[in-house]
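K.L.:
Test case, fold it:
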Amino acid sequence: MSTETLNRTSVVAEVYPHKISEKKDLSPNKVNIDVLKKRVFEEKKRERFQNRVLMGMFCISLAILGYIVV
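P.N.:
Next comes the predicted model:
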């Protein structure tokens, strides 16, 4: 049974050699720039949404106040 496992592993290594080598190239010291760009984009998107909500609330409250006063 142990020889079957070894044979199977060698077959997988022969069929997918590029995937195994790619995993070895990644080290914990490297940073993926795409992930960082996505984080910055999501943060800016969240900030824009919050600003729009605040402006909308301000405009609605101003409209309600104007309706009540007039």
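
K.L.:
in this protein, which spans are helices?
P.N.:
Here the chain has its helices, by DSSP state H, at 2-15, 17-25, 33-69.

K.L.:
quick one, phi/psi of K30?
P.N.:
The phi/psi pair for K30 (degrees, to the nearest 10) reads phi -90, psi 150.

K.L.:
for it, what are its contacts?
P.N.:
For K30, the contact set (CB atoms under 8 Å, 6 or more residues apart in numbering) is empty. Yep, even glycine has a C-beta here, placed from its N, CA and C like the rest.

K.L.:
where's it relative to R39, distance?
P.N.:
Between K30 and R39 the computed distance is 16 Å (CB to CB, to the nearest Å).

K.L.:
now Y67: how far from L54?
P.N.:
20 Å.

K.L.:
Ignore what I typed, I meant E42.
P.N.:
19 Å.

K.L.:
low-confidence ranges in the protein?
P.N.:
1-27 (pLDDT under 70).

K.L.:
again, only using 90
P.N.:
In the predicted model of the chain, residues 1-31, 70 satisfy pLDDT under 90.

K.L.:
What about F58, how many residues nearby?
P.N.:
By other CB atoms under 10 Å, the residues close to F58 number 10.
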